[in-house]
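Asks: Here is the input, now give the coordinates:
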Amino acid sequence: MRLNKAIAAAGLCSRRKADELILAGQVRINGTLEENPARRVLPGDRIAVNDRELAAAQEYYYLLLHKPVQTVCTVNDPEGRPTVMAYLPPEVRHLRLYPVGRLDYFSEGLLLLTNDGELAQRLTHPRHHQPKTYEVLIRGSVPETALAVMRRGMRLDEGQALLPVDVEAKTAENGNTLLRMVLRQGVNRQIRRMCRDLGLTILRLRRVAQGPLALGSLKPGAARALAPGEVAGLRQSVGLPSQV
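Replies: Residues are numbered from 1 along each chain as shown. Have a look, this model is predicted:
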């Protein structure tokens, strides 16, 4: 991360004050004077302000997980159900990653986990809500009238009005229907409630994309680190600098 943010993350001062300290020649990295607030700090670098060494800079990490069904998107579950934390690679478990957003117990697909609190806050704020794409397998056929209702925006039985949903349908095996749906608002269990009200039975619900991220061929339970370009695109999509 940038030097000024590393100093702020260590709890010494604000990022603006960190800029002042750096420009005043009061900061050293590994014993060497550093006057560039944008200098990139690597894990293991020693930062000292006025000869006082700070705690290690936070190592930000971004993990894309294919959440399996019958797991919960929490760190701990009071009911003792499996959580997504069990699928973290051993080498990153010390980084205190947290799920960003939710998928319900019987849904699967793309889930982001990170310790970048600023990004997580943006991604879960309604102002920065990103389009999310789902593949939904429906038992039997889906009437065109049901698709039309989704596309123009519908009102749930509970009275909540929904924005229009982009939805395309194609025939799947055994006479079932695969819907590809793009949602642009964060309503709890929206797809399940929509299908309930339209008399449709969901056989499988999988999130395959979120903003600039795509699940791709990642198997259930598997995880991978985001590439630098993916991190940059994700941060830019919510109005943050591309580099931490």
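Asks: Tell me the bridge partners for the spatially most central residue of the chain.
Replies: With the centre of the chain defined as its mean C-alpha position, the nearest residue by C-alpha atoms, centre = their mean is Leu112, 3.5 Å away. With DSSP bridges as the criterion, Leu112 is bridged to Leu64, Val100.
Asks: so who does it touch?
Replies: Going by C-beta atoms under 8 Å, 6 or more residues apart in numbering, Leu112 touches Tyr62, Leu63, Leu64, Leu65, Pro99, Val100, Gly101, Leu123, Gln210, Leu213, Leu234. C-beta: built from backbone N, CA, C; applies to glycine.
Asks: Surely the third one is in contact with Pro212?
Replies: No - shown here, Leu64 and Pro212 do not form a contact pair, counting by C-beta atoms under 8 Å, at 11.5 Å.
Asks: Now do the strands in the protein.
Replies: Along the chain, the stretches classed as strands by DSSP state E are 27-29, 32-33, 47-49, 52-53, 62-67, 98-100, 108-114, 132-138, 166-171, 177-183, 202-210, 213-214, 223-225.
Asks: Now tabulate those in JSON lines and tack on distance to Glu144 and mean pLDDT.
Replies: Listed next are the strands of the chain as JSON lines, based on distance: least, C-beta to C-beta, whole Å; pLDDT from 0 to 100:
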{"stretch": "strand 27-29", "distance to Glu144": "63", "mean pLDDT": "94"}
{"stretch": "strand 32-33", "distance to Glu144": "68", "mean pLDDT": "94"}
{"stretch": "strand 47-49", "distance to Glu144": "62", "mean pLDDT": "92"}
{"stretch": "strand 52-53", "distance to Glu144": "67", "mean pLDDT": "88"}
{"stretch": "strand 62-67", "distance to Glu144": "32", "mean pLDDT": "97"}
{"stretch": "strand 98-100", "distance to Glu144": "36", "mean pLDDT": "93"}
{"stretch": "strand 108-114", "distance to Glu144": "26", "mean pLDDT": "97"}
{"stretch": "strand 132-138", "distance to Glu144": "13", "mean pLDDT": "98"}
{"stretch": "strand 166-171", "distance to Glu144": "9", "mean pLDDT": "98"}
{"stretch": "strand 177-183", "distance to Glu144": "11", "mean pLDDT": "98"}
{"stretch": "strand 202-210", "distance to Glu144": "19", "mean pLDDT": "98"}
{"stretch": "strand 213-214", "distance to Glu144": "29", "mean pLDDT": "97"}
{"stretch": "strand 223-225", "distance to Glu144": "39", "mean pLDDT": "96"}
